[in-house]
Each structure stands twice: as C-alpha cells, then as structure tokens.
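Engineer: Sequence first, predicted model second:
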Amino acid sequence: MGCKLADQLARLMGGTISAFSVAGAGTRIAVQLPIYAVTQRAGVIRRLNILAVDDVALNLMLVCSLVGKQHNVTTASSGTAALKALEQSRFDVVLMDVQMPDMDGLKTTGSWRSVESARATRIPFIAVTANASAQDCSNALEAGMDDFLSKPVDRQLLHFALWRAMSLTAA
C-alpha cells in the first residue's frame, strides 16, 4: 500500500500514521486510530435528510430498512436522478453507489462537487460499493467522496459513517 493511500485511510478513520527510520535499526510505523463504541442509539443526534443512490432497488430498500426509522431517506436509482434530487432538495448526506450504468457514483460525485464549489457548500458523500479494495477506496476519495462503506452494508458501520459525516459538517 502506498504512503499516500495509507495516510488517506488513516485520516478517513479519524487517525494518523507516521514512520520513524533509524539506519541499520529498521523502521517503525505508528498508526493511531480512535476506538468508538457504536450502538444504534449513539452517533447521530438529529434526524438527517439522506439521499441514497443505487441502481438496485433491493439495495435502496436495505438502506431504508437500516436507517429509515431514524432519518428521512430519499432514493434515486441513477447518477442523473441523484443530481436532479440534489438540485431540488437539501440533503445532509449522500450514500452513493459507485457502480451504476448511466453515470457512475464517481462521476456523479465529481459533477456535484463542481456545482458545490460555485455555491461554497459541501454535502458529505459516502461511497457504498461491493468493490472494497484499497484502490477502490482511494478512487472514491479522489473523486470527492468523504467516506467509504462496503456492501453488504452493516447497520452499525452505517450509523458510524453517518456520525462521521455529521462531524465533517460540524467542523
């Protein structure tokens, strides 16, 4: 794993990574990550307006079942529909599928980031994908996403990702 990617992953998890080398003695790599106790009731305090984007209806139903009781969830089945929804309504966070047929999640995120730069606003985007390699995570971050979840989505990890997203907007 490259140094830049390792640093991105550590920062994504709220931590740091550093390396210390001594000639002839070796290298020590230190990774510091916060440990969070996450329960269904912990993390997000207020009711969020979430845009969930996925071209598979079953995946959208899963997201709604995981967070629909605690939050307002609007769904979109394509990148184009997501951009239209973002223009028409205000969302606190976007759960973005990465692989979609018409406009993938990376292109959709990049398009919206261009719109946001003119408005001086930023909505946290969380990549949600079955492709969960380090390179996939790096591609999502480079496209402008703020966090990364792999499918199948775990309820606690999703709630923690929402909490982290709200921490970004509060900072």
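Structural biologist: Yep, that arrived. Numbers count the residues shown, from 1 in each chain.

Engineer: For residue 171, give me the pLDDT.
Structural biologist: pLDDT recorded at residue 171 is 51.

Engineer: Can you tell me the number of residues neighbouring residue 124?
Structural biologist: Around residue 124 there are 20 other residues, counting by other CB atoms under 10 Å. Every residue, glycine included, has its C-beta placed from N, CA and C.

Engineer: swap in residue 30?
Structural biologist: The number of residues near residue 30, taken as other CB under 10 Å, comes to 9.

Engineer: what do you get for residue 162?
Structural biologist: Residue 162, neighbours per other CB under 10 Å, totals 23.

Engineer: right, and residue 158 touches residue 64 too?
Structural biologist: No. Contact criterion CB atoms under 8 Å: residue 158 and residue 64 do not qualify, at 11.6 Å.

Engineer: Looking at the two, which is more packed in?
Structural biologist: Legend: neighbour count by other CB under 10 Å for residue 158 and residue 64, higher for residue 158 (20 against 16).

Engineer: who touches the more buried one in this structure?
Structural biologist: 63, 66-67, 149 (CB atoms under 8 Å, 6 or more residues apart in numbering).

Engineer: Mind checking what secondary structure it has?
Structural biologist: In three-state terms, and counting by DSSP: H, G, I helix; E, B strand; the rest coil, residue 158 is helix.

Engineer: Run through the protein and note the low-pLDDT ranges.
Structural biologist: Low-confidence segments of the chain (pLDDT under 70): 1-6, 9-10, 12-14, 33-42, 44-45, 168-171.

Engineer: How is it partitioned into domains?
Structural biologist: By the assignment in automatic domain parsing, the chain contains the domains 1-35, 36-170.

Engineer: Out of the contacts of residue 158, which comes closest to residue 11?
Structural biologist: residue 149 (16.5 Å; CB to CB).

Engineer: I'd guessed that closest one sits against residue 130; true?
Structural biologist: No. Shown here, residue 149 and residue 130 do not form a contact pair, counting by CB under 8 Å, at 10.5 Å.
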